[in-house]
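Peer 1: here is my input, please return the structure:
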Amino acid sequence: MNVEIVEVISPEQIAQFRALLQDYFRERPNGFSERMAQDLQDLPGRYASPHGGMFLALYEGQPIATAAWTQHTPALVEMKRVYVRPEYRRKGIARALSQHVIEIVRARGFAQVAISTWADAEDAVALYRQLGFTEIPPFKTSTVPGLIYLGLDLSPARPAGAQVIKVGGGELDDPAFVAQFAESIARMKRAGAQPIIVHGGGKALTQLLAMMDAPTQFVDGLRVTDARTRDAALMVLSGLANKKLVAALIGQGVDAVGLSGLDAGLIRVERLNDALGFVGRPVSARASLIAAWLAQGLTPVIAPMSLGADGEIYNVNADHVAGAIAVAVDADMLTFVTNVPGVLGPDRSLIPHLSAAQVEAMIADGAIFGGMIPKVRAALEALGAGVRRVRITDLGGLAGDGGTVFARPSQR
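Peer 2: Here you go, the predicted model:
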């Protein structure tokens with residue numbers, strides 16, 4: 001049976017998708033929920049790009065089936081609304097639609113696709129099991145009774161020893177720091193670690209903007225980025241800063257490859273808000289590409305410039321990119337390299353471990369202050385996003401066990 005699968009984009013296609021969903025819901029009146037009613041009203045709603053997608057299967061130009069997906073977390077998406085008109089069932093259409101969605105979200109770098117369906121829908125459950133889905137704990141709350149939850153792991157084999165290392169642009173302005181950093185990465189490689197480096201370049205960008213007579217403005221620590229500033233950031237971050245770091249690493253025998261979040265759509269982002277302009281927030285990272293580079297012995301050196309769903313290039317906070325990559329590859333550790341050995345106590349001694357509650361208490365009583373506050377908040381934000389362990393340290397602690405480590409209780 002010759003069936004064409006198309007992405008739902010036009011108002012006419014949205015109307016066709018809605019009509020098929022209405023048929024779908026009529027078949028399961030006892031399972032109809034407020035959420036389903038909201039879906040019908042809001043289309044495309046939560047299935048809109050970049051956090052989702054909607055698809056129609058066409059036979060002889062007529063819509064006969066639907067499927068959709070929506071993002072739950074940076075790693076997990078839910079496949080939804082897989083429906084085939086009764087007269088076209090048992091012809092492989094649901095399988096084709098499901099495989100189409102799976103391949104799209106796999107290419108976007110998500111680690112898992114999940115689905116909820118009725119436990120008594122024997123054909124549907126059998127299909128998903130044939131596709132490799134297995135039963136998983138509920139990944140959402142639902143008022144619909146009799147559901148079963150299934151998930152499919154899309155992630156490549158977890159790269160053993162993967163560590164994401166974020167280094168700031170200010171440090172990269174110091175040739176001595178860059179040389180010592182490259183030596184530390186080389187030692188880590190020899191010890192069996194697989195570093196993934198994410199870097200900033202804010203100081204050099206500010207200098208270039210001053211030469212361009214372009215204003216620099218920050219809101220909540222993020223640079224307001226118009227088109228001119230964005231292009232300058234692309235030159236500095238993906239160009240000068242990236243290649244200087246790559247050169248230093250190669251000089252130490254590290255097979256470094258310079259990239260940005262743009263390359264191969266490595267990091268996909270959405271616009272953070274209109275006030276900041278071309279500033280993005282990561283929504284996915286292609287873990288399979290990073291794993292493949294690591295398997296070849298390469299060390300990725302990644303500038304945070306990334307691609308939006310609208311086709312625009314965005315300036316992205318390097319801390320956020322590092323966190324997204326660490327979650328995507330399930331890294332052993334995310335390390336923020338700074339100019340201090342870690343969080344220091346009142347007696348100026350290093351505190352080796354901190355919890356979120358301890359951090360907030362130390363900020364409240366002034367023990368953590370100044371520039372350390374955004375550093376620890378970035379660490380806690382990465383931890384909350386799903387990173388296993390996060391560390392703040394300096395070059396002296398990078399290749400060893402130095403620094404202050406923040407970890408979820410299960411990872412300590």
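Peer 1: for the protein, which element, helix or strand, carries the lowest mean pLDDT?
Peer 2: Lowest mean confidence among the helices and strands of the chain (mean pLDDT, DSSP states H and E): helix 169-172, at a mean of 79.
Peer 1: quick one: mean pLDDT over whichever helix or strand comes after that helix.
Peer 2: Along the chain past helix 169-172, the next helix or strand (assigned with DSSP states H and E) turns out to be helix 175-190. Per-residue pLDDT values over helix 175-190 give a mean of 94.
Peer 1: cool, and stretch 248-265?
Peer 2: Here the average pLDDT along stretch 248-265 is 96.
Peer 1: got the buried residues for that stretch?
Peer 2: Within stretch 248-265, the residues that count as buried by 16 or more other C-beta atoms under 10 Å are 248-250, 252, 254, 256-263, 265. No exception for glycine: its C-beta is placed from N, CA and C like everyone else's.
Peer 1: which one of the residues you listed is nearest Gly109?
Peer 2: Gly265 (8.3 Å; C-beta to C-beta).
Peer 1: would you map the helices across the chain?
Peer 2: Along the chain, the segments classed as helices by DSSP state H run 11-27, 34-42, 93-107, 122-130, 169-172, 175-190, 202-211, 227-235, 242-251, 287-295, 318-329, 356-364, 372-385, 395-398.
Peer 1: dump those to JSON lines, plus distance to Leu76.
Peer 2: Listed next are the helices of the chain as JSON lines, based on distance: least, C-beta to C-beta, whole Å:
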{"stretch": "helix 11-27", "distance to Leu76": "23"}
{"stretch": "helix 34-42", "distance to Leu76": "18"}
{"stretch": "helix 93-107", "distance to Leu76": "9"}
{"stretch": "helix 122-130", "distance to Leu76": "16"}
{"stretch": "helix 169-172", "distance to Leu76": "32"}
{"stretch": "helix 175-190", "distance to Leu76": "30"}
{"stretch": "helix 202-211", "distance to Leu76": "32"}
{"stretch": "helix 227-235", "distance to Leu76": "30"}
{"stretch": "helix 242-251", "distance to Leu76": "31"}
{"stretch": "helix 287-295", "distance to Leu76": "13"}
{"stretch": "helix 318-329", "distance to Leu76": "11"}
{"stretch": "helix 356-364", "distance to Leu76": "23"}
{"stretch": "helix 372-385", "distance to Leu76": "12"}
{"stretch": "helix 395-398", "distance to Leu76": "32"}
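Peer 1: residues making contact with stretch 85-98?
Peer 2: If you take C-beta atoms under 8 Å, 6 or more residues apart in numbering as the criterion, stretch 85-98 is touched by 1, 3, 5, 20, 23, 55, 57, 59, 64-67, 79, 82, 84, 123-124, 127-128, 130-131.
Peer 1: for stretch 352-369, same thing?
Peer 2: With C-beta under 8 Å, 6+ apart as the criterion, stretch 352-369 contacts 342-343, 345-346, 373, 376, 380, 383, 403-407, 412.
Peer 1: first-to-last residue distance for that stretch?
Peer 2: Start and end residues of stretch 352-369 are separated by 18 Å (C-alpha to C-alpha, to the nearest Å).
Peer 1: count the neighbours of Arg187 for me.
Peer 2: Neighbour count for Arg187, taken as other C-beta atoms under 10 Å: 14.
Peer 1: with adjacent residues omitted, what lies nearest to it?
Peer 2: Closest residue to Arg187 apart from its sequence neighbours, by C-beta to C-beta, 6 or more residues apart in numbering: Ala399 at 4.5 Å.
Peer 1: on that earlier part again, farthest-separated two in the buried residues of stretch 248-265?
Peer 2: Among these, the pair separated by the greatest distance (C-beta to C-beta) is Gln252 and Gly265, which sit 29.7 Å apart.
Peer 1: residues contacting Ala48?
Peer 2: Here Ala48 is in contact with no residue (C-beta under 8 Å, 6+ apart).
Peer 1: gap between it and Val8?
Peer 2: 10 Å (C-beta to C-beta, to the nearest Å).
Peer 1: follow-up on the earlier one: nearest to Phe139 among the buried residues of stretch 248-265?
Peer 2: Gly265 (25.4 Å).
Peer 1: who's the closest residue to the closest one other than its chain neighbours bridged to?
Peer 2: Leaving out its chain neighbours, the residue that sits closest to Gly265 by C-beta to C-beta, 6+ apart is Leu307, at 5.7 Å. Assessed by DSSP bridges, Leu307 has beta-bridge partners Arg268, Ile313.
Peer 1: tell me the pLDDT of Leu307.
Peer 2: pLDDT, Leu307: 92.
Peer 1: sorry, back to before: drop anything exposed from the contacts of stretch 85-98.
Peer 2: 3, 5, 20, 55, 57, 59, 64-67, 79, 82, 84, 124, 127-128.
Peer 1: which ones among the residues you listed are found in strands?
Peer 2: Val3, Ile5, Phe55, Ala57, Tyr59, Ile64, Ala65, Thr66, Ala67, Met79, Val82, Val84 (DSSP state E).
Peer 1: if I pick the nearest residue to Ala124 once chain neighbours are set aside, what's in contact with it?
Peer 2: Nearest-residue entry for Ala124: Thr117, 5.0 Å, with adjacent residues in sequence omitted and distances by C-beta to C-beta, 6+ apart. Residues in contact with Thr117 (C-beta under 8 Å, 6+ apart) are Ala124, Val125, Tyr128, Leu147, Ile148, Leu150.
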